[in-house]
Structure formats: C-alpha cells, structure tokens
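**Student:** This is a predicted model, with the sequence first.
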Amino acid sequence: MKKIDALIIGAGPTGLFTAHQLSLIGLNCEIVDNLDKIGGQCIELYPDKPIYDIPAIPECTGEELTNNLINQLKPFNIKFHMSERVDEVKNNSGNWEVKTSKGTKFSTPNVIIAGGVGSFEPRKFAPKECEKYENKTIFYSVKDKSIFKGKTVSIFGGGDSALDWAIELSKNSKINLIHRRDEFRGAQSSVDKVKELEKEGKISLFTHYQLKNVKGSNNLESIEIEHDNKELKNIKTDYMLGFFGLIMQLGPIVDWGLNLDKKTIAVDTEKFETNQKGIYAVGDICSYPGKLKLILSGFHEGALAARACFKLARPNEKYRFEFTTSSKTIKNRLGVKE
C-alpha cells in the first residue's frame, strides 16, 4: 500500500494544477484517472477548440493548455495512474485507504476529487454477450494497434475516431466499418478517404446497420449485423472496436458518504472540503453558492484545498505561506538556479 500525502482523482486541468500546488508546498501526491490520456474534458471533448478565458492567455486549445500544465509539473515527477478508476475509499484511523479498479492501494490523509463532471466511460455495445470479450477482442479505445496487424477488424461508429482508426488500421488489416446512418459526423476529408479506400477494397462499408449479436468461444469469431429493413448479415471478424462517444457518471463516488447536490459534491469555500474530513472536491464536480464552472475557478479551489491538505499531512508542522518570486525553498523544489 502506497503512503502519500494526497491522492488526486482526475487528471484534467484542475487536477494537474492542484498537483502543482501540493508539490510547491512540499507535499507528495499521485493522480488517478479513468481515462487513458491526461487532460480530462479538455482532451476528450475539445482538444482543438479555442479557450478564451484563461488568465494571461488570450487564446489556447484544450491540448495546448494540458501540455502547458504537464510541463509545469515536470520538476516534481508526479506519478499518474491512467485507465484506473477509484472504486473504494474507506476511513482507517484518520487515514483514507483507497483502492483502484486495477488493485492499486493508497493510504493518505487527503483525497482531492477533481473529477470534472464525473468519470468518463465509453458507451458500450448493447448485446450483453459482448461483455465476455471486452478487453480481449472487443475494445472501445486503441492502446496497441499492433495487435490488429493481419486481422479482420470490425469498427462501429460514425465520428472522427471511427473514421480515423478505419483509415489507420486499413494499412495492415482488413476493415469493416459499420454505421447506423448514411451520414458520418467526422471530418469530410476523413469521409472522402474512407470512400476512396472502399473503392480500393481496403475497407468494407456497411451503412444503416447495427450490431445484433456476437459469436465465438474464448475469442470473437463472427458478428451478426442488422439493417434498418431487418436484413441480417454474418461477418467473420477477429476484433471489434466501438466508438460511440463517452458518457459521464459519478460512478462509485455516490457510495462514499458525501453530500451530493444532483451530480455535484457540496463543499465549503474555505478549504473546499466535503462533509468528510480530508476529502475535498475542486473543479466542475464541486458546488457552493456562487460557483462558476470555469477553469480559473478550479485553479483557485485547488490552491486552497492544497493548503488545507498540509495540516493533515504534516500535523506537527506549521504551514508558512511563501511567494514563488522570493522563496528559496520553493525555487529549490522547482529546480530554479539563481
């Protein structure tokens, strides 16, 4: 079990800046996030869209903001646990014992929930039979494209992810692209490329079809798809990818004994602490009178929560506020040479 000063749940902008604030005051922390990429909503929902309300940055994309926050954290070597969800949080003599979906265990006096609007989870295939193949031959994201080389891959979806992976994987795999409509939501250039690859015989395109059933023993062997007119087709396939977007849920947080206000967590405005001592909520997931769902608000909330963590992590030490412009201690932590 890892003993740390604070655990941050959520690797979006607020979680990243909170880690920076904890590190500046000498506390060690680690970050857990259910997504496979750092950046939270900024990366999942609007990586290329411009943001205009970050102080002193007239315009930046979600990806640029995330990269800058990651660079700001480099001096501290923060450990990230991506594609892990916090499933259990239990109090043990004043410390919180935390367990993730991958079995990672932490013991910490402070847990900071910076989970945006909850955990992002992929929309999944409807047939229940798909569950036994998940993370074996059925996936909702691509972590290692080499496993598909020389195989038949059936891709479902009509957005950018489905189109982009159909194009990419068609270089070394036989691709079936299945979509429930004629129109695709992705970039027109990608749509044009898919149709070009269809003419070349590298992609088989099935529109107005949806998944009806899957077949196989230990591994996926074939799928049955159904047309709008109820016509059925059986297609041999080795792998299946589904790109139906993400759904946002509070997940296990609802069982942690916190005061929930609809899909947010009620906090005070001194420490952004919940009704449970040592558990804080910052960013879009917290609620209080006058709350604004702005990234800059999350930064403010994270800074105050970090200072509150010091008292529980270092009960025998007195916290002393210091400016980064003049503190030699902080500059040493940042690796700044004078």
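**Tutor:** Okay, I see it. Numbers count the residues shown, from 1 in each chain.
**Student:** which regions of the chain sit below the pLDDT cut-off?
**Tutor:** 45, 117-120, 248-251 (pLDDT under 70).
**Student:** hmm, who's touching the longest helix belonging to it?
**Tutor:** Longest helix in the chain by number of residues (criterion: DSSP state H): helix 295-313. With contacts defined as CB atoms under 8 Å, 6 or more residues apart in numbering, helix 295-313 is touched by 5-6, 13-15, 17-18, 21-22, 24-25, 27, 51, 53-55, 65, 109-110, 112, 114, 270-273, 277-278, 280, 282-284, 286, 291, 317, 319, 321. For every residue, glycine as well, the C-beta is placed using N, CA and C.
**Student:** Sketch out the helices for the stretch 1-150 of the chain, chain order is fine.
**Tutor:** Ranges of helices within the stretch 1-150 of the chain are 13-24, 41-44, 62-73, based on DSSP state H, counting those that start in this stretch.
**Student:** distance between the second one and the chain's centre?
**Tutor:** It refers to helix 41-44. 8 Å (CA atoms, centre = their mean, to the nearest Å).
**Student:** Tell me which residues are up against it.
**Tutor:** Contacts of helix 41-44 (CB under 8 Å, 6+ apart): 12-13, 35, 37, 51, 62-63, 65-66, 116-117, 120, 246, 284.
**Student:** Buried subset of those residues as a PyMOL selection?
**Tutor:** Only the buried entries of the contacts of helix 41-44 go into this PyMOL selection, using 16 or more other CB atoms under 10 Å:
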select buried, resi 12+13+35+51+62+65+66+116+117+120+246+284
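**Student:** Same list, the contacts of helix 41-44, but as a markdown table with distance to residue 338 please.
**Tutor:** Output for those, formatted as a markdown table (distance: CB to CB, whole Å):
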| residue | distance to residue 338 |
| --- | --- |
| 12 | 33 |
| 13 | 30 |
| 35 | 38 |
| 37 | 36 |
| 51 | 34 |
| 62 | 34 |
| 63 | 33 |
| 65 | 29 |
| 66 | 30 |
| 116 | 38 |
| 117 | 42 |
| 120 | 42 |
| 246 | 46 |
| 284 | 38 |
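**Student:** Looking at the contacts of helix 41-44, which is nearest residue 190?
**Tutor:** Of all the contacts of helix 41-44, residue 63 has the smallest distance to residue 190: 18.6 Å, by CB to CB.
**Student:** so that closest one makes contact with residue 39?
**Tutor:** Yes - contact criterion CB atoms under 8 Å: residue 63 and residue 39 qualify, at 7.2 Å.
**Student:** shared neighbours of the two, which are they?
**Tutor:** What both residue 63 and residue 39 touch, as defined by CB under 8 Å, 6+ apart, is the set residue 47.
**Student:** residues contacting the spatially closest residue to residue 181 that is not a sequence neighbour?
**Tutor:** Nearest residue to residue 181 in three dimensions, chain neighbours excluded: residue 158, at 6.2 Å (CB to CB, 6 or more residues apart in numbering). By CB under 8 Å, 6+ apart, residue 158 lies in contact with 179-181, 183-186.
**Student:** Strands - which of the residues you listed land there?
**Tutor:** Among the contacts of residue 158, the ones falling in strands (DSSP state E) are residue 179.
**Student:** Rebuild the contacts of residue 158 as a markdown table, extending it with neighbour count and distance to residue 75.
**Tutor:** Shown next, in a markdown table, are the contacts of residue 158 (neighbours: other CB atoms under 10 Å; distance: CB to CB, whole Å):
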| residue | neighbour count | distance to residue 75 |
| --- | --- | --- |
| 179 | 22 | 46 |
| 180 | 18 | 48 |
| 181 | 11 | 49 |
| 183 | 8 | 48 |
| 184 | 20 | 44 |
| 185 | 14 | 41 |
| 186 | 19 | 39 |
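**Student:** Mind picking the two most distant members of the contacts of residue 158?
**Tutor:** Once CB to CB is applied, these give 180 and 186 as the farthest pair, at 14.3 Å.
**Student:** Not counting residues beside it along the chain, what's closest to residue 92?
**Tutor:** Closest to residue 92 by CB to CB, 6+ apart is residue 107, at 7.5 Å.
**Student:** ok, that neighbour touching residue 1?
**Tutor:** Yes - using CB under 8 Å, residue 107 is in contact with residue 1, at 5.1 Å.
**Student:** The two: which is more packed in?
**Tutor:** residue 107 (14 against 10; other CB atoms under 10 Å).
**Student:** need the contact list for that one.
**Tutor:** Residue 107 neighbours (CB under 8 Å, 6+ apart): 1-4, 92, 95-98.
**Student:** Could you do residue 228 as well?
**Tutor:** 208-209.
**Student:** Kindly report the same for residue 46.
**Tutor:** Here residue 46 is in contact with 61-62 (criterion: CB under 8 Å, 6+ apart).
**Student:** That one and residue 258: what is the separation?
**Tutor:** 28 Å (CB to CB, to the nearest Å).
**Student:** try residue 155
**Tutor:** 39 Å.
**Student:** ditto for residue 133
**Tutor:** For residue 133, the distance to residue 258 - CB to CB - is 35 Å.
**Student:** thinking again about what came up before, look at residue 155 and residue 258 and report which has more neighbours.
**Tutor:** Set side by side, residue 155 and residue 258 show more neighbours around residue 155, with 26 against 19, by other CB under 10 Å.
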